[in-house]
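> The amino acid sequence is not available; the structure is as follows:
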């Protein structure tokens, strides 16, 4: 889901909106530029359509503001960005500040930055989760010698703050497509692991269902997800 979100944000910004995103992020749109946009917005529909027929028409036709001002607008926003800026101005956003804010939303820049931030946060959680898993696996390399480590990791895994690492690891397995679950079970697992459990969910019945999955499945990834989801639901129910 995170990868899809990031890819969607990148697709929205690049290549069409990269120049717009750079312009608004750096505050390059001046009041004179906003005035150019407003003047174009106030042209007749026919004049405006002729102006946007092509890049060359936008720079050279006699309608509207001075060609030099239009060329600067094109340098700042590209042809598609200038068109969207005019549409925004026609809807009532006048002045450099309001125009910049509106174009910032349209460019998708902030959505991309937020997706990258979430990816960075998720990466830290996943690294910690994998360290915990490595410790658990190491404790099983020599079963007798590893018993103290197994007990320590098992104790850690039952702490709610550490369980969040297990949830991230389980969600990562679902995102990777490595878990064999029925569609309905996978949807509920994602809801539980992202803390979006439906308010009308019967927690006792759901816990029983996931314990059944854990006991019946032969897929190790599905078994781990079932264990984590069961623990998450149990914590939400309020009993250890």
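Sure thing, it's come through. What you are looking at is a predicted structure, and each value in this text was computed from that prediction instead of being measured.
> Any idea how many residues pack against residue 172?
The tally of other residues near residue 172 (other Cβ atoms under 10 Å) stands at 17. Where you see a C-beta, it was placed from the backbone N, CA and C, and this is true even at glycine.
> helix or strand for it, which one?
When secondary structure is defined by DSSP states H and E, residue 172 falls within helix 160-175.
> contacts for the helix or strand just after that helix?
Scanning forward in sequence from helix 160-175, with DSSP H and E defining helices and strands, the next element found is helix 183-193. Identification of contacts with helix 183-193 by Cβ atoms under 8 Å, 6 or more residues apart in numbering yields 1, 167-168, 170-171, 174, 179, 181, 196-198, 201, 206, 209, 213, 225, 228-229, 232-233, 236.
> where does the protein dip in pLDDT?
Within the chain, the segments meeting pLDDT under 70 span 1-19, 21-22, 25, 107-162, 239-240.
> How is it divided into domains?
Using automatic domain parsing, the domain ranges for the chain come out as 18-107, 110-237.
> looking at these, which is buried most?
domain 18-107 (a mean of 17; mean count of other Cβ atoms under 10 Å).
> If we ignore the residues flanking it in sequence, what's nearest residue 96?
If you skip the residues right next to it in sequence, residue 96 has residue 34 as its closest partner in space, 4.3 Å away by Cβ to Cβ, 6 or more residues apart in numbering.
> What of residue 214?
Per Cβ to Cβ, 6+ apart, closest to residue 214 is residue 226, 3.7 Å.
> Could you pull up phi and psi at the one you found?
When read as degrees, to the nearest 10, the backbone of residue 226 gives phi -60, psi -40.
> again with residue 177
Summarising the backbone geometry of residue 177 under the convention degrees, to the nearest 10, its torsions are phi 70, psi 20.
> can you offset everything so residue one is 494?
Done: numbering now begins at 494, and the last item shifts to residue 670.
> Let me see the contact set for it.
For residue 670, counting by Cβ under 8 Å, 6+ apart, there are no contacting residues.
> Show residues contacting the host helix or strand of residue 549.
Residue 549 belongs to helix 548-553 when assigned by DSSP H and E. Contact with helix 548-553 is made by 543, 544, 545, 560, 563, 564, 567, 572, 575, as judged by Cβ under 8 Å, 6+ apart.
> now, among those residues, which is nearest to residue 711?
Minimum separation from residue 711 among the contacts of helix 548-553 (Cβ to Cβ) is found for residue 572, which lies at 57.9 Å.
> for that closest one, helix, strand, or coil?
The assignment at residue 572 comes out as helix when based on DSSP: H, G, I helix; E, B strand; the rest coil.
> For it, give its distance to residue 551.
If you measure residue 572 against residue 551 using Cβ to Cβ, to the nearest Å, the figure is 6 Å.
> Find the residues that touch each one of the two.
Overlap between the contact sets of residue 572 and residue 551, as judged by Cβ under 8 Å, 6+ apart, is given by residue 545.
> just the helices in this structure please.
All helices of the chain, identified by DSSP state H, fall at 495-506, 511-518, 524-534, 538-544, 548-553, 560-583, 589-600, 602-632, 640-650, 653-668, 676-686, 696-709, 713-730.
> still on that earlier bit, farthest-separated two in the contacts of helix 548-553?
Spatial extent of the contacts of helix 548-553 (Cβ to Cβ) is set by the pair 543 and 564 at 16.9 Å.
> I'd say the residue nearest to residue 589 and residue 594 touch.
No - counting by Cβ atoms under 8 Å, residue 527 does not reach residue 594; the two are 11.6 Å apart.
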